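Engineer: What would the 3D arrangement of this be:
(one chain, ligands or ions: 1)
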Amino acid sequence: MIEIKHLTKIYKLNKKQMAESKTKNPYKTAVDDLCLTAKKGEIYGLLGPNGAGKTTTLRCIATLIKPTKGEVFVDQHEVQKEPEKVRESIGFLTSEIKLDEQFDVDYMFDFFGKLHNISGERLKKRKEELFTYFGIKEFAHKKIKELSTGMKQKAAIAVSLVHDPDIVIFDEPTNGLDIITARSVTDYLRKLRDDGKLVIVSTHIMSEAEKLCDRIGIIIDGQKVAEGTLRELLEQTNTSDLEDAFFEFYSARKGE
Ligand SMILES: Nc1ncnc2c1ncn2[C@@H]1O[C@H](COP(=O)(O)OP(=O)(O)OP(=O)(O)O)[C@@H](O)[C@H]1O
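Structural biologist: Alright, predicted model coming up:
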């Protein structure tokens, strides 16, 4: 289970960032008093426009950055107090993941396995399972630098799931993928959910949220402005698709 209690993240901007954002304020509130709970056996989607604070929230859950205020619990372990425990139970995936270009996929998989203390038969079984599912066997011995974007993404997913985590966090799961690879990724996320895992994703793609997520939290300006199943969100706004529902919440938030 993931429990986010009053999470706030304020970045301190450097001069360059202030100039780029055309602001004189050196503080940027990326996440603003966010609360949410996501449970095993569901795919929870953070849906919001660019800059809404989705990635920042996921990175706080994954112990990659520290919250400014508030608490985040992953299976009862608080991310700042017990980061190692949290890291044991999560897999964090992002399309920006960088694998060492010089090595082949097979080597990288074993390397990450060892980092998670997985070896021998367990590692072999996991590799067989993931390499078969993602069709990695045919390029397992190619260097990462020789792979296409889709192959790299598949390799990155397999490597991040080597320890069979109970909680999978995926920032923009289909970003940059062709339609076939994207489908195999979303199908895999559904399989994880059906196996009883908790999957939390961020997306700005309405159709992805609509089809993939069991519950959706709509995030605007770092705040959760709505939450529910697709049906609940449509009912709350008296709309018939998520895009229309989103704009209802967006207008209400922006006072338009
Ligand atoms: N390291 C950082 N330093 C300063 N500001 C940051 C940093 N990372 C993110 N921000 C700012 O915080 C806000 C939220 O960014 P975040 O990446 O969390 O949003 P997002 O919803 O994931 O957006 P996107 O879909 O564009 O990735 C944005 O205004 C962004 O510019």
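Engineer: So what's the residue count around the residue of the stretch 101-250 of the chain found nearest the ligand?
Structural biologist: Among the residues of the stretch 101-250 of the chain, H204 lies nearest to the ligand; the distance is 5.3 Å by C-beta to the nearest ligand atom. No exception for glycine: its C-beta is placed from N, CA and C like everyone else's. Using other C-beta atoms under 10 Å, H204 has 18 neighbouring residues.
Engineer: give the contact list for it.
Structural biologist: Contacts for H204 (C-beta atoms under 8 Å, 6 or more residues apart in numbering) come out as 47-50, 52, 54, 172.
Engineer: Quick check: residues of the protein near the ligand?
Structural biologist: Counting by C-beta under 6 Å from any ligand atom, the chain comes close to the ligand at 11, 13, 17, 28, 30, 48, 50-56, 202, 204.
Engineer: PyMOL command to pick out the buried ones of those?
Structural biologist: Command for PyMOL that selects the buried part of the residues of the chain next to the ligand, burial taken from 16 or more other C-beta atoms under 10 Å:
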select buried, resi 13+28+30+48+52+53+54+55+56+202+204
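Engineer: By pLDDT, give me the weakest of the residues of the chain next to the ligand.
Structural biologist: Among the residues of the chain next to the ligand, Q17 has the lowest pLDDT, at 88.
Engineer: Which secondary structure state is assigned to that residue?
Structural biologist: Following DSSP: H, G, I helix; E, B strand; the rest coil, the label given to Q17 is helix.
Engineer: residue contacts, it?
Structural biologist: With contacts defined as C-beta under 8 Å, 6+ apart, Q17 is in contact with K28.
Engineer: what's the longest helix in the chain?
Structural biologist: Longest helix of the chain, by residue count under DSSP state H: helix 179-194.
Engineer: Tell me which residues of that helix come out buried.
Structural biologist: Of the residues in helix 179-194, 181-182, 184-186, 188-189, 192-193 count as buried by neighbour count, 16+ other C-beta under 10 Å.
Engineer: Parallel or antiparallel, which strands does the very next helix or strand once past it pair with?
Structural biologist: Counting by DSSP states H and E, the element after helix 179-194 in chain order, helix or strand, is strand 198-203. Partners of strand 198-203 in the sheet, by DSSP bridges, are strand 43-47 (parallel), strand 167-171 (parallel).
Engineer: quick one, strand 198-203 and helix 179-194 angle?
Structural biologist: 150 degrees (axes from the mean of the first three to the mean of the last three C-alpha atoms, to 10 degrees).
Engineer: neighbouring contacts of strand 198-203?
Structural biologist: For strand 198-203, contacts defined as C-beta under 8 Å, 6+ apart pick out 1-2, 38-48, 54-55, 57-58, 61, 166-174, 189, 192-193, 209, 212-213.
Engineer: that older thread, now for the strands paired with strand 198-203, which one comes closest to T237?
Structural biologist: With C-beta to C-beta as the criterion, T237 lies closest to strand 43-47 of these, at 13.6 Å.
Engineer: Centre of the chain to the closest one, how far?
Structural biologist: On the basis of C-alpha atoms, centre = their mean, to the nearest Å, strand 43-47 sits 9 Å off its chain's mean C-alpha point.
Engineer: Which residues does that strand contact?
Structural biologist: Under C-beta under 8 Å, 6+ apart, the answer for strand 43-47 is 2, 36, 38, 54, 57-58, 189-190, 193, 198-204, 206, 208-209, 212-219, 242, 246.
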